[in-house]
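# below is the sequence, then the predicted model.
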Number of protein chains: 4
Amino acid sequence: MGPHTDMTRGKGYRVIAEFSIHPIGEGTSVSKYVGAALAELRKAKGLRLQVTPMATIIEAAKLSDILAAVGDAHEALFRLGAKRVDFALRVDDRRDKERRMEDKVRAV
Amino acid sequence: MGPHTDMTRGKGYRVIAEFSIHPIGEGTSVSKYVGAALAELRKAKGLRLQVTPMATIIEAAKLSDILAAVGDAHEALFRLGAKRVDFALRVDDRRDKERRMEDKVRAV
Amino acid sequence: MGPHTDMTRGKGYRVIAEFSIHPIGEGTSVSKYVGAALAELRKAKGLRLQVTPMATIIEAAKLSDILAAVGDAHEALFRLGAKRVDFALRVDDRRDKERRMEDKVRAV
Amino acid sequence: MGPHTDMTRGKGYRVIAEFSIHPIGEGTSVSKYVGAALAELRKAKGLRLQVTPMATIIEAAKLSDILAAVGDAHEALFRLGAKRVDFALRVDDRRDKERRMEDKVRAV
């Protein structure tokens, strides 16, 4: 990523994201692959994670840490033998207010 | 929806979905609007809900019930004054195996 | 959908959406299934469609027409034999300004 | 990204992705911001782009190039003054068959 990355973010601010991944064409049960992706996210430094029935919520100080972990998770599925992998990443980055993932649930 | 809807689904099977909504152009804090959408989902019959930091997980016996509730949630934001509303809905429908939203988390 | 649906929308306003669908566990090539979904969208009245490499863009006067067509497309995959189907729908609904799908591309 | 990245990909294979971004709280018209994101994607080396009414399709030889460009696009919105930015990235990576973005449209 370029030199401008994250230059406007203060200490204490967090990016909150959501990541969902699965192989296409490896049977209807994909939990082995989802588990391998999750293992990569857990290995990454500086991420807080929450597993939900449809995705994994990721909180980090920097977007680049999330993107690196997502890239590693993606490769993990191919190492397990997947031939086609789809993922979806949604990112919510707010810099006018410090907040953690719990705050978003509390607010509604 | 047409006459073919849900004809292959047995009793006990559940559609699991994820719904995220916000207005664009009503300030950076959108929890009032998200709360209104959630109130609509809670009014809908037959849905199980779990709020996460990035979305609401919805479980239902029929996709059509989810789609109707999502449509109602969408309109609720305009009634609150929003001029532009974006939402994302992801649906996972599996008919070879009965499962609830908890089972998906447990499997990984 | 409830009685409040679309009550604030004037004539000429259009909802613009994006729909992506595939089976999980029916092989890595899913174009037969995507084609069946697309055939359902084409049968639906009142939709304008644009196929892209990652999704189908849908424009309609009413969100309910989009949701009904999406539900029919979803069922079409099960009729073809899919046991698990995932879809993603993103909706952008703007009511302060009339626009068509072409306008969004032109503006950027 | 870790050392395993992209190790199984042959020459000629392409990752196809879809990227959508907007600020929350900067008014209902966001085309200035979307244009700035697009300018970043166009500056990135090795990407093929197609703008659609709901997103930008990105094709690249390596996922890491897509992720880097997406990170730069994200920062561009904050440099324009946005206080909150949301984006969605969907990735489809198939390694059993060479294909370009046009092939996906042709197949359905």
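Ah, there it is.
# could you pull out the strands for chain A?
Secondary structure of chain A (DSSP state E): strands located at A:15-23, A:48-51, A:56-60, A:84-94.
# quick one: closest of those to chain D.
Set against chain D and scored by Cβ to the nearest Cβ, these come closest in strand A:84-94, at 4.2 Å. Placement of C-beta: from N, CA and C, glycine included.
# separation between the closest residue to A:R99 other than its chain neighbours and D:S64?
Closest residue in space to A:R99, ignoring its immediate chain neighbours: A:R14 at 6.7 Å, by Cβ to Cβ, 6 or more residues apart in numbering or on different chains. Using Cβ to Cβ, to the nearest Å, A:R14 is found at 24 Å from D:S64.
# now do A:I24
On the measure of Cβ to Cβ, A:I24 and D:S64 end up 21 Å apart.
# name whatever forms a beta bridge with the residue lying closest to A:I58 once chain neighbours are set aside.
Excluding the flanking residues, the one nearest A:I58 by Cβ to Cβ, 6+ apart is A:A17, at 4.6 Å. In this entry, A:A17 is beta-bridged to A:I58, A:V91, by DSSP bridges.
# any low-confidence regions in chain A?
The model of chain A has pLDDT under 70 over residues A:1-11.
# top helix in it by residue count?
Across chain A, the longest stretch assigned as helix under DSSP state H is helix A:63-79.
# so that one versus strand A:84-94, what angle?
Compare the direction of helix A:63-79 with that of strand A:84-94 by axes from the mean of the first three to the mean of the last three Cα atoms, to 10 degrees and you get 170 degrees.
# is chain C within reach of helix A:63-79?
No: Helix A:63-79 stays clear of chain C (Cβ under 8 Å from any Cβ of the partner chain), getting no nearer than 12.3 Å.
# buried sites along that helix?
Within helix A:63-79, the residues scored as buried using 16 or more other Cβ atoms under 10 Å in any protein chain shown are A:63-78.
# as a quick check, tell me the outermost residue of chain A.
A:G27 (23.8 Å; Cα atoms, centre = their mean).
# is stretch A:68-80 positioned near chain D?
Yes: using Cβ under 8 Å from any Cβ, stretch A:68-80 reaches chain D at A:A68, A:V70, A:G71, A:D72, A:H74, A:E75, A:A76, A:F78, A:R79.
# help me confirm that the third one comes into contact with D:I66.
Going back to what we said before, that points to A:G71. No: A:G71 is beyond contact range of D:I66, at 9.3 Å (criterion: Cβ atoms under 8 Å).
# and stretch A:81-89 with chain D, contact?
Yes: with Cβ under 8 Å from any Cβ as the criterion, chain D is reached by stretch A:81-89 at A:K83, A:R84, A:V85, A:D86, A:F87, A:A88, A:L89.
# what residues does chain A put near chain C?
A:H22, A:I24, A:G25, A:E26, A:G27, A:T28, A:S29, A:V30, A:K83, A:R84, A:D86, A:A88.
# show me what contacts the fourth one?
This means A:E26. A:Y33, A:G81, A:A82, A:K83, C:G25 (Cβ atoms under 8 Å, 6 or more residues apart in numbering or on different chains).
# wait, the fourth one sits on D:Y13?
I take that to be A:K83. No: with contact defined as Cβ under 8 Å, A:K83 and D:Y13 do not form a contacting pair (11.1 Å).
# now the common contact residues for the two.
In terms of Cβ under 8 Å, 6+ apart, A:K83 and D:Y13 are both contacted by the residues D:R94, D:R95.
# spit out the contact partners of the nearest residue in space to A:M54 that is not next to it in sequence.
Nearest non-adjacent residue to A:M54, counting by Cβ to Cβ, 6+ apart: B:E18, 4.0 Å away. Contacts for B:E18 (Cβ under 8 Å, 6+ apart) come out as A:T52, A:P53, A:M54, A:A55, B:A55, B:T56, B:I57, B:I58, B:A88, B:L89, B:R90, B:V91.
# quickly list what A:I21 is bridged to.
So, taking DSSP bridges as the rule, A:I21 has A:F87 as bridge partners.
# up against chain B, what does chain A have?
Checking chain A against chain B by Cβ under 8 Å from any Cβ, the hits are A:16-18, A:20, A:28-29, A:31, A:34-35, A:38, A:50-55, A:57, A:59, A:88, A:90, A:92, A:94, A:96-97, A:101-102, A:104-105, A:107-108.
# ChimeraX command for the buried members of these?
Buried subset of the residues of chain A next to chain B, written as a ChimeraX selection, criterion 16+ other Cβ under 10 Å:
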select /A:16,17,18,20,34,38,50,51,52,53,54,55,57,59,88,90,92,94,101,104,105,108
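# contacts for stretch A:41-51 next, please.
Contacts of stretch A:41-51 with the rest of the structure, by Cβ under 8 Å, 6+ apart, involve A:19, A:38, A:56-62, A:65-66, A:68-70, A:72-73, A:100-101, B:52-53, B:105, B:108.
# if we can go back for a sec, closest one of the contacts of A:E26 to chain B?
Using Cβ to the nearest Cβ, C:G25 is the member of these that lies nearest chain B, at 8.3 Å.
# contact partners for the nearest residue to the closest one once chain neighbours are set aside?
Nearest residue to C:G25, sequence neighbours excluded (Cβ to Cβ, 6+ apart): A:T28, at 3.6 Å. Contacts for A:T28 (Cβ under 8 Å, 6+ apart) come out as B:R94, B:D96, B:K97, C:I24, C:G25, C:K83, C:R84.
# nearest residue to A:D86 in space, please, no chain neighbours.
Nearest residue to A:D86, sequence neighbours excluded (Cβ to Cβ, 6+ apart): D:D92, at 5.2 Å.
# quick revisit: can the residues of chain A next to chain C go into CSV with extra columns for distance to B:R42?
Below are the residues of chain A next to chain C laid out as CSV (distance: Cβ to Cβ, whole Å):
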residue, distance to B:R42
A:H22, 29
A:I24, 34
A:G25, 38
A:E26, 37
A:G27, 35
A:T28, 31
A:S29, 32
A:V30, 30
A:K83, 42
A:R84, 38
A:D86, 31
A:A88, 26
